[in-house]
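Q: could you look at this predicted model? Sequence included:
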Amino acid sequence: MPASVGSEVEQCTPKIIAKFSFTPMYKKLVFLLALFALFFVSTAEISIIHPVEHTEWTRGEEVTIEWKIDEADLAETVTIELREGPKANLALVYEITTDADANFESFDWTVPEDLEAGDKYSIRVISDKGADRYSHYFKIK
(Lines give C-alpha, C1' and ligand atoms only; values in the text may rest on other atoms or scores of the structure.)
Protein backbone atom coordinates (compact mmCIF):
# COMPACT_ATOMS: atom_id res chain seq x y z
CA MET A 1 0.00 0.00 0.00
CA PRO A 2 1.50 3.31 -1.01
CA ALA A 3 2.19 5.82 1.68
CA SER A 4 -0.05 8.78 1.71
CA VAL A 5 1.71 11.73 0.23
CA GLY A 6 0.16 14.12 2.72
CA SER A 7 1.32 12.20 5.75
CA GLU A 8 5.00 12.47 4.91
CA VAL A 9 5.11 16.09 3.77
CA GLU A 10 6.69 18.41 6.29
CA GLN A 11 4.82 21.47 7.14
CA CYS A 12 6.81 24.41 5.94
CA THR A 13 6.39 27.87 7.30
CA PRO A 14 7.77 30.40 4.94
CA LYS A 15 10.41 32.61 6.52
CA ILE A 16 10.31 36.22 5.62
CA ILE A 17 13.56 38.03 5.98
CA ALA A 18 13.05 41.73 6.01
CA LYS A 19 15.90 43.80 4.80
CA PHE A 20 15.78 47.49 5.45
CA SER A 21 17.89 49.63 3.25
CA PHE A 22 17.98 53.33 2.69
CA THR A 23 17.10 54.19 -0.83
CA PRO A 24 18.56 57.38 -2.26
CA MET A 25 15.12 59.00 -2.12
CA TYR A 26 14.70 58.03 1.54
CA LYS A 27 18.14 59.44 2.38
CA LYS A 28 17.21 62.73 0.72
CA LEU A 29 13.95 62.89 2.65
CA VAL A 30 15.69 62.27 5.98
CA PHE A 31 18.29 64.91 5.14
CA LEU A 32 15.64 67.48 4.21
CA LEU A 33 13.65 66.79 7.38
CA ALA A 34 16.78 67.17 9.50
CA LEU A 35 17.65 70.40 7.72
CA PHE A 36 14.10 71.66 8.23
CA ALA A 37 14.25 70.86 11.96
CA LEU A 38 17.66 72.52 12.28
CA PHE A 39 16.31 75.64 10.58
CA PHE A 40 13.49 75.95 13.09
CA VAL A 41 15.75 75.30 16.07
CA SER A 42 18.30 77.85 14.92
CA THR A 43 15.74 80.54 14.12
CA ALA A 44 14.12 80.48 17.53
CA GLU A 45 14.42 84.00 18.83
CA ILE A 46 14.08 86.02 21.95
CA SER A 47 13.20 89.69 21.75
CA ILE A 48 13.90 91.90 24.74
CA ILE A 49 11.06 94.35 25.22
CA HIS A 50 12.49 96.10 28.30
CA PRO A 51 15.03 97.51 29.02
CA VAL A 52 15.53 99.40 25.77
CA GLU A 53 18.16 101.89 24.72
CA HIS A 54 18.19 105.04 26.92
CA THR A 55 16.50 103.21 29.83
CA GLU A 56 17.70 104.40 33.25
CA TRP A 57 17.44 102.20 36.32
CA THR A 58 18.05 103.43 39.85
CA ARG A 59 19.84 101.28 42.39
CA GLY A 60 17.45 100.00 45.06
CA GLU A 61 14.36 100.31 42.84
CA GLU A 62 12.25 97.49 41.45
CA VAL A 63 12.32 97.13 37.66
CA THR A 64 10.54 94.83 35.23
CA ILE A 65 12.51 92.92 32.62
CA GLU A 66 10.32 91.91 29.67
CA TRP A 67 10.97 89.58 26.74
CA LYS A 68 9.13 87.71 24.02
CA ILE A 69 10.05 84.21 22.83
CA ASP A 70 8.82 83.01 19.46
CA GLU A 71 6.85 79.78 19.39
CA ALA A 72 9.61 77.80 17.67
CA ASP A 73 11.65 77.84 20.88
CA LEU A 74 9.06 76.22 23.19
CA ALA A 75 11.13 77.18 26.22
CA GLU A 76 9.90 76.49 29.74
CA THR A 77 12.33 78.67 31.68
CA VAL A 78 14.81 81.46 31.06
CA THR A 79 17.95 82.62 32.77
CA ILE A 80 18.40 86.37 33.10
CA GLU A 81 21.81 87.97 33.56
CA LEU A 82 23.02 91.52 34.08
CA ARG A 83 26.12 92.18 31.98
CA GLU A 84 28.43 95.17 31.69
CA GLY A 85 31.29 96.37 29.51
CA PRO A 86 32.26 96.65 25.85
CA LYS A 87 30.04 94.78 23.37
CA ALA A 88 32.82 92.36 22.44
CA ASN A 89 33.41 91.44 26.07
CA LEU A 90 30.28 91.85 28.20
CA ALA A 91 31.18 90.57 31.66
CA LEU A 92 28.65 88.84 33.90
CA VAL A 93 27.87 91.20 36.77
CA TYR A 94 24.85 89.52 38.35
CA GLU A 95 22.84 86.37 37.72
CA ILE A 96 19.33 87.70 38.24
CA THR A 97 17.52 84.35 37.96
CA THR A 98 18.01 80.91 36.45
CA ASP A 99 14.42 79.72 36.39
CA ALA A 100 11.99 82.45 35.36
CA ASP A 101 8.87 81.09 33.66
CA ALA A 102 9.49 81.69 29.95
CA ASN A 103 5.79 82.05 29.20
CA PHE A 104 5.39 84.81 31.79
CA GLU A 105 7.59 86.99 29.58
CA SER A 106 8.48 89.33 32.45
CA PHE A 107 10.42 89.28 35.68
CA ASP A 108 10.44 91.84 38.50
CA TRP A 109 13.83 92.52 40.05
CA THR A 110 15.22 94.99 42.56
CA VAL A 111 18.44 96.56 41.32
CA PRO A 112 21.10 95.95 44.00
CA GLU A 113 22.24 99.10 45.76
CA ASP A 114 25.89 98.05 45.65
CA LEU A 115 26.13 98.06 41.83
CA GLU A 116 28.41 100.67 40.33
CA ALA A 117 26.71 103.43 38.37
CA GLY A 118 27.33 103.13 34.65
CA ASP A 119 25.89 103.37 31.16
CA LYS A 120 27.22 100.15 29.63
CA TYR A 121 24.83 97.66 31.22
CA SER A 122 22.93 95.02 29.24
CA ILE A 123 20.45 92.28 30.09
CA ARG A 124 20.93 88.81 28.61
CA VAL A 125 17.94 86.44 28.45
CA ILE A 126 18.74 82.77 27.73
CA SER A 127 16.05 80.14 27.13
CA ASP A 128 16.44 76.60 28.44
CA LYS A 129 16.55 75.57 24.76
CA GLY A 130 19.67 77.65 24.11
CA ALA A 131 18.34 80.76 22.36
CA ASP A 132 19.60 84.02 23.84
CA ARG A 133 19.49 87.76 23.32
CA TYR A 134 21.20 90.83 24.75
CA SER A 135 19.39 94.10 25.35
CA HIS A 136 20.64 97.47 24.19
CA TYR A 137 22.90 99.30 26.57
CA PHE A 138 21.12 101.10 29.39
CA LYS A 139 22.13 103.12 32.41
CA ILE A 140 22.13 102.31 36.12
CA LYS A 141 22.40 105.33 38.42
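A: Everything's here; your move. Residues are numbered from 1 along each chain as shown.

Q: now do the buried residues in stretch 101-119.
A: 102, 105, 107, 109, 111, 115 (16 or more other Cβ atoms under 10 Å). Any C-beta I mention is one placed from the backbone N, CA and C, and that applies to glycine too.

Q: now swap in stretch 74-93 and tell me
A: Buried residues in stretch 74-93 (16+ other Cβ under 10 Å): 75, 77-84, 90, 93.

Q: quickly check the residues you listed for the two that are furthest apart.
A: 75 and 84 (25.0 Å; Cβ to Cβ).

Q: which residues of the chain fall in strands?
A: 46-50, 56-57, 62-69, 77-84, 91-101, 106-110, 118-127, 132-134, 138-140 (DSSP state E).

Q: among these, which comes closest to residue 24?
A: When those are compared (using Cβ to Cβ), the closest one is strand 118-127, at 37.3 Å.

Q: elements contacting that closest one?
A: strand 46-50, strand 62-69, strand 77-84, strand 132-134, strand 138-140 (3 or more Cβ pairs under 8 Å, 6 or more residues apart in numbering; DSSP states H and E).
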